[in-house]
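Student: Dropping a prediction and its sequence here:
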Amino acid sequence: MAALTDVADLIMGQSPPSSTYNEVGNGLAFFQGKTDFGFQHPTPKLSCSAPLKIAKPHDILMSVRASVGPTNIADRECCIGRGLAAIRPRDIDGEFLFFNLRYIEKFIASLGSGSTFHAINKSQLASVEVNPHKFGLPEQLKIAGVLGVVQRAMEQQERLLALTAE
């Protein structure tokens, strides 16, 4: 097993001044937490003209406040507020790590603490154990490929259910 920081870099979000937020697309998409998450990628509602912390495309975004543990994948360069952390895979396949983190989401949520709302800090997140079976890159790619097919089927099913409901 490896600790998360053995295979990825962690960037903890930081909220920029509220005067830099806007709804007209000026600057980078700004994600603050789980409420911005979609099935796999976040949906921008706000932009930020002076980002303090930036996630890159393919970074795994994890909710670290209020609702601890849910994940999405950045599909663009974006600003991240203090409710999120960006996990940048380094020595592990990114899609494999994404599915690994989704699998242990309840465990990660159990690490959260706080009286007003649950939160997890950088050192707690850094010590999360990933890839417990020590899969090498070829196995990671195969596993991620199969799980990606399953996820796309689930997304399609959700879209069909939404259309049926309409």
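Tutor: Alright, I've got the coordinates.
Student: Buried residues, the longest helix anywhere in the chain. List them.
Tutor: Identified as the longest helix of the chain according to DSSP state H is helix 137-165. Using 16 or more other Cβ atoms under 10 Å as the test for burial, helix 137-165 gives 140, 143, 144, 147, 151. C-beta coordinates here come from the backbone N, C-alpha and C atoms, glycine included.
Student: tell me the mean pLDDT over it?
Tutor: Averaged across helix 137-165, pLDDT comes to 91.
Student: just checking, what packs against it?
Tutor: helix 94-103 (3 or more Cβ pairs under 8 Å, 6 or more residues apart in numbering; DSSP states H and E).
Student: which helices and strands does the helix it packs on pack with?
Tutor: Against helix 94-103 (3+ Cβ pairs under 8 Å, 6+ apart) you get strand 60-63, strand 71-73, strand 84-89, strand 129-130, helix 137-165.
Student: quick one: the longest one to chain centroid distance?
Tutor: On the basis of Cα atoms, centre = their mean, to the nearest Å, the separation between the geometric centre of helix 137-165 and that of its chain is 17 Å.
Student: Likewise for the second one?
Tutor: For strand 71-73, the distance from its own C-alpha centre to the chain's C-alpha centre is 3 Å (Cα atoms, centre = their mean).
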